[in-house]
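Peer 1: Prediction below, plus the sequence it came from.
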Amino acid sequence: MVSRMFRLETEVDKARRDLLRRRLRDTNTAASPVLRALRGTPGEREAPLHVWALDANGDLAGGLVGHTWTAWLHVTYLWVDGGHRGAGLGSRLLAEAERVAAAERACTASRVETWDFQAPEFYKRQGYEVVCVIPDYPPGITEYTLTKALT
């Protein structure tokens with residue numbers, strides 16, 4: 001067996017990160033017929049999806065930031081200003097993002113991560129199901145991953 005020496009570095013390096021991303025994508029594409037079929041199609045790239053709610057003064061009352069990739073909507077952030085909570089605005093923002101994802105981008109499912117003190121019950125009321133629970137991430141908090149089929 002040949003012994004090899006490696007030098008490990010922990011610096012942030014954008015060029016190496018990009019190279020690693022390309023090499024991982026190429027390796028994954030070679031290993032997966034599904035990912036191979038996606039190469040060069042519009043579904044291969046993430047497309048941003050943002051929905052904003054402005055109040056009567058034009059101030060930000062809430063918003064949703066996410067993206068679509070393949071047939072999935074990924075909700076990254078959903079926030080409603082404290083003065084507007086309880087009025088259904090979060091549900092409206094989420095429903096609009098789901099509508100755009102399904103009707104305009106052919107998405108068939110949605111996913112979101114949330115912490116126990118944030119909104120797991122909100123997402124369950126919107127038809128999402130818990131598919132993953134990570135306790136103590138970060139310490140003292142539980143993270144939930146939820147998904148929903150879009151019709």
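Peer 2: Received, thanks.

Peer 1: Could you pull up the residues touching the residue nearest to the spatial centre of the chain?
Peer 2: Geometric centre of the chain, nearest residue: residue 74, 3.0 Å, by CA atoms, centre = their mean. Applying CB atoms under 8 Å, 6 or more residues apart in numbering to residue 74 gives the contacts 66-68, 110-112. C-betas here are computed from N, CA, C, even on glycine.

Peer 1: Could I get those in a markdown table, plus columns for distance to residue 6?
Peer 2: Converted to a markdown table, the contacts of residue 74 look like this (distance: CB to CB, whole Å):
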| residue | distance to residue 6 |
| --- | --- |
| 66 | 38 |
| 67 | 35 |
| 68 | 38 |
| 110 | 41 |
| 111 | 36 |
| 112 | 38 |
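
Peer 1: can you list these in a markdown table and add pLDDT and neighbour count?
Peer 2: Output for the contacts of residue 74, formatted as a markdown table (pLDDT from 0 to 100; neighbours: other CB atoms under 10 Å):
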| residue | pLDDT | neighbour count |
| --- | --- | --- |
| 66 | 97 | 26 |
| 67 | 97 | 17 |
| 68 | 97 | 24 |
| 110 | 98 | 25 |
| 111 | 98 | 16 |
| 112 | 98 | 25 |
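
Peer 1: helices or strands next to the helix or strand of the chain with the lowest mean pLDDT in the packing?
Peer 2: Counting by mean pLDDT, DSSP states H and E, the chain has its least confident helix or strand at helix 33-38, which shows a mean of 90. In this structure, helix 33-38 makes packing contacts with helix 14-31, judged by 3 or more CB pairs under 8 Å, 6 or more residues apart in numbering; DSSP states H and E.

Peer 1: Next, the distance between the ends of stretch 52-69.
Peer 2: 20 Å (CA to CA, to the nearest Å).

Peer 1: Give me the buried positions along that stretch.
Peer 2: 53, 61-64, 66-69 (16 or more other CB atoms under 10 Å).

Peer 1: Which members of those residues define the maximum pairwise distance?
Peer 2: Largest separation among the buried residues of stretch 52-69 by CB to CB: 61 and 69, giving 27.6 Å.

Peer 1: what's the helix or strand for the residue nearest to the centre of the chain?
Peer 2: strand 72-80 (DSSP states H and E).
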